[in-house]
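Novice: Dropping the sequence and predicted coords here.
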There are 2 protein chains.
Amino acid sequence: MKRFRVSVHIVPRKGLLDPQGKAVADALHTLGFSTVADVHVGRHLVIETSAGDAQHAEASVREMCSRLLANPVTEDFEIAAVAAA
Amino acid sequence: MKRFRVSVHIVPRKGLLDPQGKAVADALHTLGFSTVADVHVGRHLVIETSAGDAQHAEASVREMCSRLLANPVTEDFEIAAVAAA
């Protein structure tokens, strides 16, 4: 068993309202950042887990996302990176 | 002016308590994911902004992070990617 560090992005599903992103974009405009067109806010998780190899580490994190971390109705997730820790 | 999509990770500063990460790790253990050693929870922002080139887009997002998006006392940020949109 080796230790892996798996990074995951969990983002609001495309086409769904992202009120947090809208609020951040409005705040940036108020601060004078007028070139900002759009902001999306999601979560960035780094999970340190043990597995036989990188494929198993990624599969295990996918299952964690499906069962606990991402809301399947409103969110999408993607594995951003799998690195030996 | 071209459109760029800049991805940012904002994470709790190393060494500071990450209660949200601890809660997620405990929940994963309860679900039977016993190989999980540690979890860190941060934010993943995607900012669509216009700039003359990628360097200016990145510099502008760095300023947004310093002034609004990241808490300088408790959080670190890193620009994860700058892509033409």
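Specialist: Done, it's in.

Novice: how about stretch A:40-50 against chain B, any contact?
Specialist: Yes - Stretch A:40-50 comes into contact with chain B (Cβ under 8 Å from any Cβ of the partner chain), by way of A:40, A:41, A:42, A:43, A:44, A:45, A:46, A:47, A:48, A:49, A:50. (Each C-beta comes from the backbone N, C-alpha and C, glycine too.)

Novice: who are the neighbours in contact with the second one?
Specialist: Residue A:41 sits next to A:12, A:18, A:20, A:21, A:24, B:43, B:44, B:45 when contact means Cβ atoms under 8 Å, 6 or more residues apart in numbering or on different chains.

Novice: Before we move on, what's the pLDDT of it?
Specialist: Here, the pLDDT recorded for residue A:41 equals 96.

Novice: same deal with residue A:85?
Specialist: Reported pLDDT at residue A:85 in the predicted model: 85.

Novice: Could you do residue A:69 as well?
Specialist: On the pLDDT scale, residue A:69 is placed at 96.

Novice: next one: the one 10 residues further on
Specialist: pLDDT, the model's per-residue confidence, is 96 for residue A:79.

Novice: Up against chain B, what does chain A have?
Specialist: Neighbours of chain B within chain A, by Cβ under 8 Å from any Cβ: A:1, A:3, A:9-11, A:21, A:24, A:27-28, A:31, A:33, A:35-51, A:60, A:63-64, A:67-69, A:80.

Novice: Would you mark the buried spots in the longest strand along chain A?
Specialist: Assignment by DSSP state E gives strand A:36-51 as the longest strand of chain A. By 16 or more other Cβ atoms under 10 Å in any protein chain shown, the buried positions in strand A:36-51 come out as A:36, A:38-51.

Novice: I'd guessed residue A:13 sits against residue A:75; true?
Specialist: Yes - with contacts counted by Cβ atoms under 8 Å, residue A:13 reaches residue A:75, the gap being 6.0 Å.
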